[in-house]
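Participant: quick check, what structure comes out for this input:
(one chain, ligands or ions: 1)
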Amino acid sequence: MREAFIPGNVYALNDNGLDGASPRIMIAPPKYIQGEGVLDQIHHYLSLLGCRRFGVLASSRGHNAEAGRVIESIAKSGGESVLAVFEGECSVAEVEKHSRALLDASIDCLIAVGGGKSVDAGKCVAYRVGVPVVIVPTLASNDAPCSALSVMYSDEGVMNGVEFFPENPVFVVVDTSVVAAASARYLVSGMGDAMATWYEARVCAANPKARTVLGTRPTLAAGALGELCAKILYEHGEQASLDVTSGTVSGALEDVVEANTLLSGVGFESGGLAGAHGYAQGFTNVGQVEANFLHGEMVAMGVVAQLMMEGDVTEARRVAEFFARVGLPITLEQMAWPEMTTMG
Ligand SMILES: [Zn+2]
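Facilitator: From the prediction side, this is the model:
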């Protein structure tokens, strides 16, 4: 079993101080596939990998249906599947337990099915087993599926680090009918996370000392994806939130799912994070907020806070009005934190 990947200077080629020149690096998954019913056709895409024996890592909470469809599809092309049920946190202990079992099962590809933590765990397990990872998100609530990193937690659920990988997931396969069947709150939360992409990339590009999560300067390409992401959300976010409430796979929903998953995922990783995610990270230390709010909801508050810190009141007002229309929190009171006063 391989050890956890330590990037060292692979990415941060000039990380000996923030004043020196730093390269721009762009990373992304080689293939992103999105559409209604693609899960039942996944064997066509998997055949491009030349693998025969697949590990399918799926969370025990409500994602068995999707994992079953993946396994059925694999069987159609004569492939074999080994199901691994993810039950805990994305912790080192849980990851190593599945890595040992799937190493013994001699898989040649891992498919991670689920909403958040099982997706991140899948990247860790695949790296340790030494096989490519395919991500099948069942929600569009965050931008984790496309990235080459996993957020790690203790067995008690407290965030305690990030693991980086040398490559992004080889395929990301999003079935929009699955996303449409989930609670609207998840898609809306994903809009909060995705909206941050442009505002964080913008401020990183303007600050010569800013570095992305790779330890490098942001790329123009990632900034452009972030800007497009915000444009799609402003134009179609409200309609998509209505469509997901009625379980309808519409053009607006397809666009917002792509914004939340692909544009935001590639945009944040090679465009840079800033105040919005810092603010959201701080929120995870407040028990009552951490327990009751999703990542994207905390990031939404962070976007408004970041823009106020930048002094861009016009844009803060614009984004706050959008968040209010789709149902994202914009005041600390809405975050069940009435003892704190809100920003002016
Ligand atoms: Zn995020």
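
Participant: okay, now Val92: neighbour count?
Facilitator: 17 (other Cβ atoms under 10 Å). In short, each C-beta sits where N, CA and C put it, glycine included.

Participant: Met1 too?
Facilitator: 12.

Participant: try Glu227
Facilitator: Count around Glu227 with other Cβ under 10 Å applied: 18.

Participant: helix or strand for it, which one?
Facilitator: helix 220-245 (DSSP states H and E).

Participant: list the helices and strands that helix packs on?
Facilitator: Applying 3 or more Cβ pairs under 8 Å, 6 or more residues apart in numbering; DSSP states H and E, we find helix 220-245 packed against helix 176-181, helix 184-206, helix 251-258, helix 264-271, helix 313-326.

Participant: just the CA trace of the last one, in CSV.
Facilitator: Just to be clear, that refers to helix 313-326. Extracted as CSV, the C-alpha positions of helix 313-326 are listed here (Å, rounded to 0.1, in the frame of the first residue of the first chain):
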residue,chain,number,x,y,z
VAL,A,313,-20.2,47.3,-1.3
THR,A,314,-21.9,47.3,-4.7
GLU,A,315,-20.9,43.7,-5.5
ALA,A,316,-21.6,42.6,-1.9
ARG,A,317,-25.1,43.9,-2.2
ARG,A,318,-25.5,42.2,-5.6
VAL,A,319,-24.4,38.8,-4.4
ALA,A,320,-26.3,39.1,-1.1
GLU,A,321,-29.5,39.8,-3.1
PHE,A,322,-28.8,36.7,-5.2
PHE,A,323,-28.2,34.5,-2.2
ALA,A,324,-31.4,35.8,-0.5
ARG,A,325,-33.4,34.9,-3.7
VAL,A,326,-32.1,31.3,-3.8
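
Participant: just how off-centre is it within its chain?
Facilitator: 23 Å (Cα atoms, centre = their mean, to the nearest Å).

Participant: would you mark the buried spots in that helix?
Facilitator: Residues of helix 313-326 classed as buried: Glu315, Ala316, Val319, Ala320, Phe322, Phe323, Val326 (neighbour count, 16 or more other Cβ atoms under 10 Å).

Participant: turn those into JSON lines, including pLDDT and distance to Leu102.
Facilitator: Below are the buried residues of helix 313-326 laid out as JSON lines (pLDDT from 0 to 100; distance: Cβ to Cβ, whole Å):
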{"residue": "Glu315", "pLDDT": "98", "distance to Leu102": "46"}
{"residue": "Ala316", "pLDDT": "98", "distance to Leu102": "46"}
{"residue": "Val319", "pLDDT": "98", "distance to Leu102": "42"}
{"residue": "Ala320", "pLDDT": "98", "distance to Leu102": "45"}
{"residue": "Phe322", "pLDDT": "98", "distance to Leu102": "42"}
{"residue": "Phe323", "pLDDT": "98", "distance to Leu102": "40"}
{"residue": "Val326", "pLDDT": "97", "distance to Leu102": "39"}
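
Participant: same list (the residues you listed) but as CSV, adding distance to Gln34.
Facilitator: Below are these laid out as CSV (distance: Cβ to Cβ, whole Å):
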residue, distance to Gln34
Glu315, 29
Ala316, 31
Val319, 25
Ala320, 29
Phe322, 23
Phe323, 24
Val326, 21
